[in-house]
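Enquirer: Curious how this folds, go ahead:
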Amino acid sequence: MSEVPPLRVWIADDEDLIRRSILRTLAARRDIIIAGESASGSETICSLATHSVDLLLLDVQMPQGSGFDVVAAVGPDRMPAVIFVTAFNEYAVRAFEVHALDYLLKPFDEDRLNRSIDRAQQQFVAKRWMSVAQQLRALLAERPERWPDRLAVRSGERFDFVPVTAIDWIESADNYVLLHCGPRRHLLLETLTALTSRLDPARFVRIQRGRAVNTAKILSIHPLPGGTYEIELEGGTRLTSGRQYRQEIMKLLGR
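Expert: Next up is the predicted model:
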């Protein structure tokens with residue numbers, strides 16, 4: 001029987017004491033390699049892009065991006081297997097039980113951590129991690145906050161988190177979108193169709209094939225000849241709707 005290679009494990013938790021405790025426990029195991037650690041969502045996202053990781057111990061509540069933000073930014077298809085570390089309520093724990101490899105409910109002890117790692121190793125040996133992406137997509141769909149309140153945008157060697165409330169309008173740029181946030185612009189590697197499908201439809205409305213607006217930023221709507229409309233946003237930006245999006249404009253007008 002061939003020897004099972006050690007798992008490369010990354011620890012993402014903003015509590016230093018939790019990370020130190022996990023590191024001490026895992027350091028005693030010969031079937032584990034500590035790939036690294038991080039203390040925030042943005043740091044974790046960047047680390048996963050540059051390190052080889054088999055298993056991620058992922059805190060759900062971290063600064064600069066939650067565990068859910070990490071999964072959404074990296075993408076379920078590119079994520080390693082995940083053991084969530086959480087102090088979430090019963091509803092969320094039930095979701096983890098169905099859609100996660102495992103979860104650790106704070107506070108947890110050394111025995112509980114080792115059992116979770118043992119389970120991960122067994123899954124690895126049995127090659128049962130093929131459904132990781134599907135499980136993570138389902139977990140994102142079931143999280144209590146379905147619509148993201150911010151988006152992770154790469155800025156050089158780091159990721160910035162842009163609050164969706166700061167977005168005035170969104171412009172398609174081939175396979176990218178340009179987020180217009182007052183005087184600032186952010187380029188995001190995602191199509192407009194994909195992005196609007198995961199944003200709250202009550203907040204963001206398509207007005208053209210290549211444009212969507214934040215309804216909270218609309219100051220006025222002016223009818224134009226030919227069934228189109230000019231939409232004035234806060235800050236003075238004026239956008240013209242497409243004829244095929246007349247129904248969406250009517251909904252904004254309550255008609």
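Enquirer: which other residues reach the helix or strand encompassing Leu151?
Expert: For Leu151, the host element (DSSP states H and E) is strand 150-155. The list of residues contacting strand 150-155 from outside it, by C-beta atoms under 8 Å, 6 or more residues apart in numbering, reads 41-42, 45, 65, 69, 72-73, 159-164, 179, 186-189. For glycine as for every other residue, the C-beta is placed from the backbone atoms N, C-alpha and C.
Enquirer: Compute the distance from the centre of that strand to the centre of its chain.
Expert: Taking C-alpha atoms, centre = their mean, to the nearest Å, one finds the center of strand 150-155 at 10 Å from the center of the full chain.
Enquirer: same thing with stretch 193-211?
Expert: Per C-alpha atoms, centre = their mean, the centroid offset for stretch 193-211 relative to its chain is 17 Å.
Enquirer: First-to-last residue distance for that stretch?
Expert: Distance across stretch 193-211, first residue to last, is 10 Å (C-alpha to C-alpha, to the nearest Å).
Enquirer: Then stretch 241-255?
Expert: End-to-end distance of stretch 241-255 (C-alpha to C-alpha): 16 Å.
Enquirer: residues in contact with it?
Expert: Here stretch 241-255 makes contact (C-beta under 8 Å, 6+ apart) with 205-209, 215, 218, 221, 226-231.
Enquirer: got the buried residues for the strand holding Leu151?
Expert: Arg150, Leu151, Ala152, Val153, Arg154 (16 or more other C-beta atoms under 10 Å).
Enquirer: so Asp200 touches Trp147, yeah?
Expert: Yes. Using C-beta atoms under 8 Å, Asp200 is in contact with Trp147, at 3.9 Å.
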